[in-house]
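S.K.: Test case, fold it:
(one chain, ligands or ions: 2)
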Amino acid sequence: MVPLTLAEHGELAKGRLPAVIWDFFEGGAGAEWSRRANLAAWRRHVLRPRVLVDVSAPDCGTELFGDRLAAPFGVAPMAYHQLAHPDGECATARAASEAGALLIVSIFASRTLEQIAAAAPGAARWLQLYWLRDREALTALVRRAEQADYRALVLTVDAPKVGRRLRDLRNAFALPAGLAAANLDAELTSSARQSATGRSGIEEHSRQQFDPSITWADLAWLRQRTRLPLVLKGVLTAEDARLAVEHGVDGLIVSNHGGRQLDGAPPAPAVLPEIVDAVPADHPVLVDGGLRHGTDLAKALALGARAALVGRPVLWGLAHGGADGARAVLDLVREELLDTMVLAGRPTLADLDRDALAPWPATAAAPR
Ligand SMILES: Cc1cc2nc3c(=O)[nH]c(=O)nc-3n(C[C@H](O)[C@H](O)[C@H](O)COP(=O)(O)O)c2cc1C
Ligand SMILES: CC(C)CC(=O)C(=O)O
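M.R.: Ligands and ions are numbered 1, 2, ... in the order given. Below you'll find the model as predicted:
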């Protein structure tokens, strides 16, 4: 079967992956309300098509922190791509580069920052960090990212601890032998391999390593250690967006972490407009969560996002087709975005403004 939708990439991946890995990828926290809400939220808006517009040359190319992208999209930071494919993040890097997408590498990547950079030289890539208790390890990562030409740092701020992920608890999920967080000291992550306490290995490890005491005041410490743009991921209120700007942050990613952290947190499209309105226009606001169609990406842009990130579907492509599979996923999203722009009579990104959207009436059930 040649997959024609992201969901079909998911079906192929599910057939390939061990059930516990599928659950780690797919699962959310708690009752998984936020995970499901992410998928439903994009359906609560309709596109307002304009007609008799010249759509013969639609253009979705853009630039982000100086890098050219084929579309305003990227790969969300996700841990351990080798769970999906032996080439791991190196394959994803090739795929993203060929598709003209931004790649955000997770601090829990299973290949080194340098290997990933070498797999796609010159490509747009950022490094995502969690605030580790070990600040020397954090500083070392920042240095390496600068040397390997990563263009921005993303600090994920929605995870003072890992959310209560019931699937991983039931599966006592732990990293398989031979797989590790390649950029961190083996000692720092060894607990991710066991679940002696009956928790998931991932939860156990984050409990030991994440510093839950950091506050806005600590951001200055990180700011002083790098010239790279700093982006906060996991901001969901206008209040925090304003604080971020006051504390010298350069951009935001509006995200509920794919529903994997606070269950009950809003899906990004519900809060994106208030956040876009709260920050100066030269601070890019990105978004992620539940994007499964080019139309979802068009809606994100119309709500004011500068770009949107795709998470799980990239792992699906990687799992069933390696770099080619991940690239097929990204190409599909871009092609569907271009289709949407043509059929909606909005051939440039500037045309995808708030007039391009209307809410689906609250009284009408959102179609499945
Ligand atoms: C398997 C998996 C691992 C993830 N690892 C990280 C991570 O290391 N750092 C992070 O900031 N977010 C992580 N995320 C969250 C994603 O960056 C992103 O917010 C979310 O997956 C987007 O939703 P989507 O998967 O519905 O597209 C992870 C998500 C998944 C599914
Ligand atoms: C290793 C985990 C803490 C990575 C993560 O953020 C996630 O699984 O959502």
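
S.K.: And the pLDDT for the nearest residue to residue 277 once chain neighbours are set aside?
M.R.: Leaving aside its chain neighbours, residue 277 sits nearest to residue 238 (7.1 Å; criterion: Cβ to Cβ, 6 or more residues apart in numbering). Yep, even glycine has a C-beta here, placed from its N, CA and C like the rest. pLDDT, residue 238: 98.

S.K.: ditto for residue 155
M.R.: Per-residue confidence at residue 155 stands at 98 (pLDDT).

S.K.: Name the SS class of it, please.
M.R.: Secondary structure state of residue 155, per DSSP: H, G, I helix; E, B strand; the rest coil, is strand.

S.K.: contacting residues around it?
M.R.: Applying Cβ atoms under 8 Å, 6 or more residues apart in numbering, we find residue 155 in contact with 128, 129, 130, 131, 219, 222, 230, 231, 232, 233.

S.K.: Kindly indicate which of those lies nearest ligand 2.
M.R.: Of all the contacts of residue 155, ligand 2 sits closest to residue 130, with 7.0 Å by Cβ to the nearest ligand atom.

S.K.: is it true that that closest one touches residue 156?
M.R.: Yes - with contacts counted by Cβ atoms under 8 Å, residue 130 reaches residue 156, the gap being 5.7 Å.

S.K.: Spatially nearest residue to the closest residue to ligand 2 within the chain (excluding sequence neighbours)?
M.R.: Residue of the chain nearest ligand 2, by Cβ to the nearest ligand atom: residue 79 (3.8 Å). In space, residue 79 comes closest to residue 108 once its chain neighbours are excluded; the distance is 3.5 Å by Cβ to Cβ, 6+ apart.

S.K.: do residue 53 as well
M.R.: Excluding the flanking residues, the one nearest residue 53 by Cβ to Cβ, 6+ apart is residue 345, at 3.9 Å.

S.K.: before we move on, what SS does that neighbour have?
M.R.: Secondary structure state of residue 345, per three-state DSSP, is coil.

S.K.: Dump stretch 229-247 to CSV, restricted to CA.
M.R.: C-alpha atoms of stretch 229-247 as CSV (Å, rounded to 0.1, in the frame of the first residue of the first chain):
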residue,chain,number,x,y,z
PRO,A,229,18.1,32.3,19.7
LEU,A,230,16.2,30.8,22.6
VAL,A,231,12.7,29.3,22.1
LEU,A,232,10.4,28.1,24.8
LYS,A,233,8.3,25.1,24.1
GLY,A,234,5.1,24.3,26.1
VAL,A,235,3.7,27.8,26.7
LEU,A,236,-0.1,27.8,26.7
THR,A,237,-1.1,31.2,28.2
ALA,A,238,-0.8,34.8,27.1
GLU,A,239,0.6,35.6,30.7
ASP,A,240,3.5,33.2,30.2
ALA,A,241,4.1,34.4,26.6
ARG,A,242,4.5,38.0,27.9
LEU,A,243,6.9,36.8,30.7
ALA,A,244,8.9,34.9,28.1
VAL,A,245,9.4,38.0,26.0
GLU,A,246,10.3,40.0,29.2
HIS,A,247,13.0,37.4,30.0
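
S.K.: And ligand 1, is it touching that?
M.R.: Yes - counting by Cβ under 6 Å from any ligand atom, ligand 1 has neighbours in stretch 229-247: residue 233.

S.K.: got the residues of the stretch 1-150 of the chain near ligand 1?
M.R.: Counting by Cβ under 6 Å from any ligand atom, the stretch 1-150 of the chain sits next to ligand 1 at 24, 25, 38, 76, 77, 78, 79, 106, 108, 128.

S.K.: Is the fourth one in contact with residue 286, as I believe?
M.R.: No - contact between residue 76 and residue 286 fails when scored by Cβ under 8 Å: they sit 9.3 Å apart.

S.K.: thinking again about what came up before, and the residues of the stretch 1-150 of the chain next to ligand 1, which of them are in strands?
M.R.: Using DSSP state E, residue 128 are the members of those that sit in strands.

S.K.: For residue 50, give its distance to ligand 1.
M.R.: Distance, residue 50 to ligand 1, by Cβ to the nearest ligand atom, to the nearest Å: 29 Å.

S.K.: so that residue, which of the three states?
M.R.: coil.

S.K.: OK, contacts around the residue nearest to it when sequence neighbours are not counted?
M.R.: Using Cβ to Cβ, 6+ apart and skipping the chain neighbours, the partner closest in space to residue 50 is residue 345 (3.4 Å). By Cβ under 8 Å, 6+ apart, residue 345 lies in contact with 49, 50, 51, 52, 53, 55, 351.

S.K.: Report how many residues lie close to the third one.
M.R.: Burial of residue 51, expressed as a neighbour count using other Cβ atoms under 10 Å, amounts to 8.

S.K.: what do you get for the first one?
M.R.: When counting by other Cβ under 10 Å, one arrives at 12 neighbours for residue 49.

S.K.: how far away is the residue nearest to residue 277 from ligand 1?
M.R.: Residue 238 is 20 Å from ligand 1, by Cβ to the nearest ligand atom.

S.K.: That's all I had, so thanks and see you.
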